[in-house]
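Asks: I'd like to go over a predicted model; first the sequence, then the structure.
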Amino acid sequence: MYSQGLIGADNRTEETPEFLARFQKRIDAEEKIEPKDEMPEGYRRTLVRQIGQHAHSEIVGMLPEGNWITRAPSLRRKAALLAKVQDEGGHGLYLYSAAETLGVSREEMTEELLSGKAKYSSIFNYPTLSWADMGTIGWLVDGAAIMNQIPLCRCSFGPYARAMIRVCKEESFHQRQGYEIVMTLAQGTPAQKAMAQDSLNRWWWPSLMMFGPHDADSQHSDQSMAWKIKRFTNDELRQKFIDATVPQAEFLGLTIPDPDLKWNEEKGGYDHGPIDWDEFWRVVKGHGPMAKDRIKARKKAWDDGAWVREAALAHAEKRRARKIAAE
Ligand code: FAQ
């Protein structure tokens, strides 16, 4: 299913120790790897997997918030939410394009998503039950996404790294608009504050799970760190996120739903309670509360869009034929 043509500008696919050492030297020298450069097949596959999953997450991630656009409490809130959800769609498109430079097609990636072969972030399998969830998703989910994605701006693969720069700027706006919604609710009536707290209670643990399994259980981290695709481990980024977010919750007067959370002077960070990894793996394996609805919605969108893709291809073909006839 993968095109072999792009593995190295010289089409070499034999991964001799010299070839691998030469490649690692480029990585260690912080050179950017570009689509037509020679690269080990494992590097290419890791990127196709990660960028593809990242793209799917952005696109599926439009659904939980899209659910609230028609019910936003004011025109200002509606305009901001609409813009945010559109941004996520844009992120998905940059990412699909970055993956396509590695020889995989958008159709193949979409088929893998719809068949359940390709993953998307666990977080988007949870339901959005109240307006406060729009605030909490911006604050926590985009906040976690930024923490994970800022280091990806320095990823060794050029197209992914460059796409991440704009994505991170937009995620930063998303995080602020979310925090502002939660702040408004937290400073509102007791019922509004309770709505914000309930939302935080539901989204806190799934947000921590976004960073992936503990380092000891992360099968890809070591190799991805060596290739400088990842710059920090899952646990390192999770810790940074917790340390940045706890003071934000304190400022809001909200309580993080973790009785074991406490500042650890020695390590200069917070200790936290156990993460429910059974829940994480259940969700990752496709049994999250909203998993079926999410895939059903994506399948419908893909099927409903078939005529647009066909029309665009027919139009391109006609233009090509006209150009050839005129030559
Ligand atoms: N959910 O060995 P590792 C966003 C899988 S974008 C589902 O540690 P890796 C924007 C993992 O794929 C959010 N699956 O894997 C937004 C692997 O399975 P595989 C998405 C997960 O790749 C905001 C297996 O577990 N962000 O939120 C998850 O080294 C608001 C073993 O794990 C990205 O994709 C999970 N949480 O590290 C949009 C960022 N965690 O593939 C709308 C780019 C792990 O072998 C609204 N990705 N798995 O079958 C990454 O940084 C990495 O891929 C990690 C996982 C850190 C997610």
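Replies: That came in fine, so what should we check first?
Asks: so which helix or strand takes in I165?
Replies: Secondary structure from DSSP states H and E places I165 in helix 158-186.
Asks: so how far is D142 from Y96?
Replies: 20 Å (CB to CB, to the nearest Å). The C-beta positions use only the backbone N, C-alpha and C, and glycine is treated the same way.
Asks: neighbour-wise, which of these two wins?
Replies: The residue with more neighbours, out of Y96 and D142, is D142; 26 against 21, by other CB atoms under 10 Å.
Asks: quick one: contacts for the more buried one?
Replies: Residues near D142 by CB atoms under 8 Å, 6 or more residues apart in numbering: E171, H174, Q175, G178.
Asks: same check, this time on A80
Replies: With CB under 8 Å, 6+ apart, A80 has these contacts: Q177.
Asks: pull out the buried residues from the helix or strand hosting it.
Replies: A80 is located in helix 75-100, with elements delineated by DSSP H and E. Across helix 75-100, burial judged by 16 or more other CB atoms under 10 Å covers 77, 80-81, 84-85, 87-88, 91-92, 94-96, 98-100.
Asks: helix 75-100 and the helix or strand following that helix, what's the angle between them?
Replies: Next helix or strand after helix 75-100 toward the C-terminus (DSSP H and E): helix 106-115. Angle, helix 106-115 to helix 75-100, by axes from the mean of the first three to the mean of the last three CA atoms, to 10 degrees: 110 degrees.
Asks: for the record, mean pLDDT for helix 106-115?
Replies: The average pLDDT within helix 106-115 is 96.
Asks: now for that helix, which elements pack on it?
Replies: Judged by 3 or more CB pairs under 8 Å, 6 or more residues apart in numbering; DSSP states H and E, helix 106-115 is in contact with helix 41-60, helix 75-100, helix 291-304.
Asks: what angle do it and helix 41-60 make?
Replies: Counting by the same axes, to 10 degrees, helix 106-115 lies at 70 degrees to helix 41-60.
Asks: can you confirm E14 is in a helix?
Replies: No: counting by DSSP: H, G, I helix; E, B strand; the rest coil, E14 falls outside a helix, being coil.
Asks: distance check, I27 against A226.
Replies: 8 Å.
Asks: one more: K193?
Replies: For K193, the distance to A226 - CB to CB - is 47 Å.
Asks: neighbour count: those two, which is higher?
Replies: Using other CB under 10 Å, the more surrounded residue of K193 and A226 is K193, with 18 against 13.
Asks: which residue, neighbours along the chain excluded, lies closest to that one?
Replies: Counting by CB to CB, 6 or more residues apart in numbering, K193 lies nearest to A186, which is 5.4 Å off, once chain neighbours are set aside.
Asks: kindly report the same for G178.
Replies: Distance criterion CB to CB, 6+ apart; nearest residue to G178, sequence neighbours excluded, is G138 at 1.5 Å.
Asks: mind checking pLDDT for E14?
Replies: On the pLDDT scale, E14 is placed at 78.
Asks: repeat for L185
Replies: 98.
Asks: that one and S172, how far apart?
Replies: L185 sits 21 Å away from S172, taking CB to CB as the criterion.
Asks: the more surrounded of the two?
Replies: Neighbour count, other CB under 10 Å: between L185 and S172, L185 has more, with 24 against 14.
Asks: now for that one: which residues touch it?
Replies: Shown in contact with L185 (CB under 8 Å, 6+ apart): A132, G135, Q192, K193, M195, A196.
Asks: quick one: it and G52, what's the gap?
Replies: Relative to G52, L185 is positioned 36 Å away (CB to CB).
Asks: contact residues of this protein facing the ligand?
Replies: Contacts of the chain with the ligand, taken as CB under 6 Å from any ligand atom, map to 49-50, 53-54, 57-58, 61, 88, 119, 121-122, 137, 141-142, 145, 148, 209-213, 218-221, 224, 234, 284.
Asks: show the buried residues in these.
Replies: In terms of neighbour count (16+ other CB under 10 Å), the buried residues within the residues of the chain next to the ligand are 49-50, 53-54, 57-58, 61, 88, 119, 121-122, 137, 141-142, 145, 148, 209-213, 218, 221, 224, 234, 284.
Asks: against which helices or strands is the strand or helix carrying M134 packed?
Replies: Per DSSP H and E, M134 falls inside helix 132-136. Using 3+ CB pairs under 8 Å, 6+ apart as the contact test, the elements touching helix 132-136 are helix 158-186, helix 190-209.
Asks: since that was my last question, I'll sign off now.
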